[in-house]
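>>> predicted coordinates and the sequence they were generated for:
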Amino acid sequence: MKEENKNMTPPPFDPGRKPEPTPWYKRKETIIGIVIAVIVLGAMISAITFGARLITNHTIASIVSEKHEYRMLNEAGEYIASGTLDVYDGPEGTKTGGSFKENDIVWCDNTAYIDETEGLWGQTKTGWILIRDEDGSYASENVLTETSDGPGTIEAAKEIILYSDPSESAEQTGTLAKDEQARYTAVFRDLIGHEWYELENGSWAAQSSSVKEIQSKESKDEPRTDEEKSDTETKETDEETIPTEFAAKYAMKIRKEPNLDAEQVGSIKENEKVMITELKDGDNESVWGKIEDGKWVCMQDKEYTYFEETETEDTKETEQP
């Protein structure tokens with residue numbers, strides 16, 4: 001045999017020799033372990049992500065659903081927007097996309113109050129607006145001031161619309177046809193300067209060029225009979241000596257003097273009734289009522305009316321047909 005062929009011949013088999021070990025990364029158990037580890041790690045990451053998502057969603061849901069309870073006051077009224085008023089689907093609800101501009105006249109069919117935030121909400125035809133809360137006031141109640149105590153008669157120069165309240169946004173109750181007359185009991189002016197006739201049937205007519213006043217209230221200079229003078233004097237005496245009962249529309253503070261800087265000496269709960277013995281004008285167009293010596297409450301200011309006169313038995317008897 002040639003020498004080169006002898007070199008290419010494999011060595012003889014040795015039964016006692018051990019095979020070369022397989023590298024760890026090529027071993028079957030290593031590969032299986034890596035696959036299992038990857039699967040477990042992926043499952044853990046998915047579980048952590050899902051759990052975090054649940055916690056986040058729960059937190060968001062808690063924030064969204066964390067609303068205060070509100071009390072329906074069932075009071076209608078007209079308000080003047082102090083700035084932009086967003087419309088919501090309910091008190092502390094979600095914005096609907098609508099809004100009112102500054103100085104817009106907004107009629108609210110209902111009001112609701114939230115004690116925790118001192119929030120007063122008004123229900124309009126399109127949703128709810130925030131009128132005021134502990135941070136400020138966003139709309140002013142269109143308070144009426146009586147300019148004439150009547151009675152008198154108006155006549156329509158052309159057909160005019162009558163309303164359930166002194167606001168053109170209030171419910172329409174009927175009309176006065178051209179040349180038709182109606183009796184009114186008093187004339188009122190609101191904060192915007194509009195004047196309204198309160199008719200004997202409970203409806204309201206806005207003063208305009210279409211409304212002609214044909215009979216004014218009785219002049220104080222006109223002669224009166226002795227019986228009329230006696231009735232008037234008796235009425236004036238009663239008004240001075242007989243207290244009038246009022247009910248609080250909100251929780252109010254009792255102060256030692258008729259001004260907001262005076263010491264607080266008590267409080268009145270919402271709907272609580274008090275006897276007012278004297279009225280006095282205060283600062284910022286406010287009116288104060290005297291309960292007794294050293295006890296005054298704010299009856300109204302240029303933004304809100306805080307008390308309303310209760311219906312007495314005499315009033316009920318007078319109103320009966």
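The structure has been received and is ready for your questions. Residues are numbered from 1 along each chain as shown.

>>> need the longest strand for the chain.
Longest strand of the chain, by residue count under DSSP state E: strand 181-189.

>>> what residues sit buried inside that one?
By neighbour count, with 16 or more other CB atoms under 10 Å as the criterion, the buried positions of strand 181-189 are A182, Y184, T185, A186, V187, F188, R189. All C-beta atoms are positioned from the backbone trio N, CA, C, and that covers glycine.

>>> can you check stretch 117-136 too?
In terms of neighbour count (16+ other CB under 10 Å), stretch 117-136 has its buried residues at 117, 119-124, 127-133.

>>> make CSV out of the buried residues of strand 181-189 and add distance to E78.
CSV is the format used below for the buried residues of strand 181-189 (distance: CB to CB, whole Å):
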residue, distance to E78
A182, 22
Y184, 19
T185, 20
A186, 17
V187, 17
F188, 12
R189, 13
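
>>> which secondary element of the protein has the worst mean pLDDT?
Across the helices and strands of the chain, mean confidence by mean pLDDT, DSSP states H and E is lowest for helix 226-241: a mean of 44.

>>> just give me the residue closest to the centre of this structure.
W121 (0.9 Å; CA atoms, centre = their mean).

>>> does that residue touch D133 like I think?
No: counting by CB atoms under 8 Å, W121 sits too far from D133 to count as a contact (9.0 Å).

>>> pull up the overlap in contacts between the two.
Taking CB atoms under 8 Å, 6 or more residues apart in numbering as the contact rule, the neighbours common to W121 and D133 are I114.

>>> where in the stretch 101-250 of the chain is pLDDT low?
In the prediction, the stretch 101-250 of the chain carries residues with pLDDT under 70 at positions 149, 215-242.

>>> what helix or strand is E29 located in?
When secondary structure is defined using DSSP states H and E, the element that contains E29 is helix 28-65.

>>> next structured bit after that helix?
Downstream of helix 28-65 (by DSSP H and E), the next one is strand 71-72.

>>> if we can go back for a sec, same question for the helix holding E29, mean pLDDT?
Taken as a whole, helix 28-65 carries a mean pLDDT of 67.

>>> for the nearest residue to G97 once chain neighbours are set aside, give me its contacts.
Take G97 and drop its neighbours on the chain: the residue closest to it by CB to CB, 6 or more residues apart in numbering is V87, 7.6 Å away. Going by CB under 8 Å, 6+ apart, V87 touches K95, T96, G97, G98, S99, F100, T124, T126, G127, W128, I129.

>>> got a pLDDT number for V87?
Among the per-residue scores, V87 shows a pLDDT of 94.

>>> surely it is within a helix?
No: V87 sits outside any helix when classified using DSSP: H, G, I helix; E, B strand; the rest coil, being strand.

>>> what mean pLDDT would you report for stretch 311-321?
Mean predicted lDDT for stretch 311-321 stands at 48.

>>> in stretch 160-171, which residues are buried?
I160, L162, Y163, D165, P166, S167, A170.

>>> quick one, phi/psi of the nearest residue to D301 once chain neighbours are set aside?
In space, D301 comes closest to S286 once its chain neighbours are excluded; the distance is 4.2 Å by CB to CB, 6+ apart. Backbone geometry at S286, expressed as degrees, to the nearest 10, gives phi -90, psi 160.

>>> try K101
On the backbone of K101 - angles per degrees, to the nearest 10 - the values are phi -90, psi 170.

>>> thought it was touching D86?
No: under the criterion of CB under 8 Å, K101 is not in contact with D86, lying 11.3 Å apart.

>>> pick out whichever of these two has more residues nearby.
A direct count of neighbours by other CB atoms under 10 Å for K101 and D86 places D86 higher, at 15 against 9.

>>> ok, for E102, nearest residue in space, not its chain neighbours?
Excluding the flanking residues, the one nearest E102 by CB to CB, 6+ apart is G83, at 5.0 Å.

>>> quick one: classify the one you found as helix, strand or coil.
Secondary structure assignment for G83 (three-state DSSP): coil.

>>> can you pull the pLDDT of it?
Model confidence at G83, given as pLDDT, is 89.

>>> check the buried residues of stretch 160-171 and tell me the two furthest apart.
The most widely separated members of these are I160 and D165, with 15.7 Å between them, by CB to CB.

>>> any idea which of the buried residues of stretch 117-136 is closest to C108?
C108 has its nearest neighbour among these in G122, at 3.3 Å by CB to CB.
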